[in-house]
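Enquirer: Structure for this input, please:
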Amino acid sequence: MILGIIPARLKSKRLPNKPLQIIDGVPLLVHVLKRSLMSKKLDKLIVCTDSMKVVDLVKKYNLDAYMTSKNIKNGTDRISLFLKKNKKRFKNLKLVVDIQCDEIFLNPSYLDKAINFHIKNIKKYDVVIPHTLTNEKNNNNYVKIISNQVNDILYLTRADAPHPFRSKKKPFKRHQDFVTFKPDFIKKFKDLKNRNLEEYEGIELLRVIENGYKIGTLQFKNDSFSINTKKDILRSLLLIQKDRLRKYY
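Expert: Numbering: from 1, shown residues only. This next block holds a predicted model:
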């Protein structure tokens, strides 16, 4: 089974109640759910949340949602703890896909490409993070990927990196908002100890590198648009009118 999990919490600092924000008549979380269901590779899709409001919303669409602790700091830990406590409920997992609940324009074909890439490289990588290229500078809200020529991720940072000290400037590799995990690895992610870089940069997936595990990446052509602020919501109201997938749900 390839399992998709959308972690959704309501206490976002920049945009409270983000999953419930209405865009084009539909809650943001539902946009992400509907697009994820268009994937040809996901066998099951669930939501992990800290709010009964989210559970009730998801159940209105006859989909699965589960309550998790309000004290969990990030989505990856939320998924890790949930799967660790529900081993018997989800058996024979081949891959787990963490899909962020703010990806209103999620491309389901990109989900499938990432899944295929990780399955093909399942012995090589514990985690796969897709990326796109961007020339945007001085924005620490998105994570930059530093990788080598064979798609191994060497580091993740909020800084503009790598720095073009002895060569012409190249686009940055921008971390996209869904990640694939080996099932055995994601279950133990919450318990990994080394976290100095993670705490310094504020990037939980640095925990993977700090503890000696391997992350791979693949490049997508088009950047995604995630919602983090009220300004992003206003922009999405315009963009969704031209979105090619909106008519299907």
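
Enquirer: Provide the secondary structure category for residue 57.
Expert: helix (DSSP: H, G, I helix; E, B strand; the rest coil).

Enquirer: quick one, helices of this structure?
Expert: 28-36, 52-60, 75-85, 108-120, 183-189, 196-201, 206-210, 230-239 (DSSP state H).

Enquirer: who's in contact with the fourth one?
Expert: What it means is helix 108-120. Residues outside helix 108-120 that contact it (C-beta atoms under 8 Å, 6 or more residues apart in numbering): 2, 4, 35-42, 94-95, 97, 99, 125, 128, 130, 176, 178, 180, 216, 218, 220, 224, 245. For glycine as for every other residue, the C-beta is placed from the backbone atoms N, C-alpha and C.

Enquirer: picking up where we left off before, would you mind telling me which of the helices of the chain is nearest residue 22?
Expert: Ranking those by proximity to residue 22 (C-beta to C-beta) places helix 28-36 first, at 7.8 Å.

Enquirer: elements contacting the closest one?
Expert: strand 2-8, strand 44-49, helix 52-60, helix 108-120 (3 or more C-beta pairs under 8 Å, 6 or more residues apart in numbering; DSSP states H and E).

Enquirer: still on that earlier bit, same list, the helices of the chain, but as JSON lines with mean pLDDT, distance to residue 150 and mean neighbour count please.
Expert: Formatted as JSON lines, these follow (pLDDT from 0 to 100; distance: least, C-beta to C-beta, whole Å; neighbours: other C-beta atoms under 10 Å):
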{"stretch": "helix 28-36", "mean pLDDT": "97", "distance to residue 150": "29", "mean neighbour count": "23"}
{"stretch": "helix 52-60", "mean pLDDT": "97", "distance to residue 150": "39", "mean neighbour count": "16"}
{"stretch": "helix 75-85", "mean pLDDT": "95", "distance to residue 150": "25", "mean neighbour count": "21"}
{"stretch": "helix 108-120", "mean pLDDT": "98", "distance to residue 150": "13", "mean neighbour count": "18"}
{"stretch": "helix 183-189", "mean pLDDT": "97", "distance to residue 150": "20", "mean neighbour count": "18"}
{"stretch": "helix 196-201", "mean pLDDT": "97", "distance to residue 150": "22", "mean neighbour count": "14"}
{"stretch": "helix 206-210", "mean pLDDT": "98", "distance to residue 150": "16", "mean neighbour count": "20"}
{"stretch": "helix 230-239", "mean pLDDT": "93", "distance to residue 150": "35", "mean neighbour count": "14"}
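
Enquirer: quick one: which of those is nearest residue 146?
Expert: Among the helices of the chain, helix 206-210 sits nearest to residue 146 (C-beta to C-beta), with 10.4 Å.

Enquirer: Report the distance from that closest one to the chain centre.
Expert: 16 Å (C-alpha atoms, centre = their mean, to the nearest Å).

Enquirer: now swap in stretch 224-239 and tell me
Expert: Worked out by C-alpha atoms, centre = their mean, stretch 224-239 lies 17 Å from the chain centre.

Enquirer: ok so, going back, and the helices of the chain: which comes nearest residue 16?
Expert: Of the helices of the chain, nearest to residue 16 by C-beta to C-beta is helix 230-239, at 10.4 Å.

Enquirer: May I have the closest one as CSV, with CA atoms only?
Expert: Extracted in CSV, the C-alpha atoms of helix 230-239 (Å, rounded to 0.1, in the frame of the first residue of the first chain):
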residue,chain,number,x,y,z
LYS,A,230,-3.7,36.3,4.0
LYS,A,231,-2.0,37.8,1.0
ASP,A,232,-1.5,34.3,-0.4
ILE,A,233,-5.3,33.6,0.0
LEU,A,234,-6.1,36.8,-2.0
ARG,A,235,-3.7,35.7,-4.8
SER,A,236,-5.1,32.2,-4.8
LEU,A,237,-8.6,33.6,-5.5
LEU,A,238,-7.4,35.0,-8.8
LEU,A,239,-5.2,32.0,-9.7
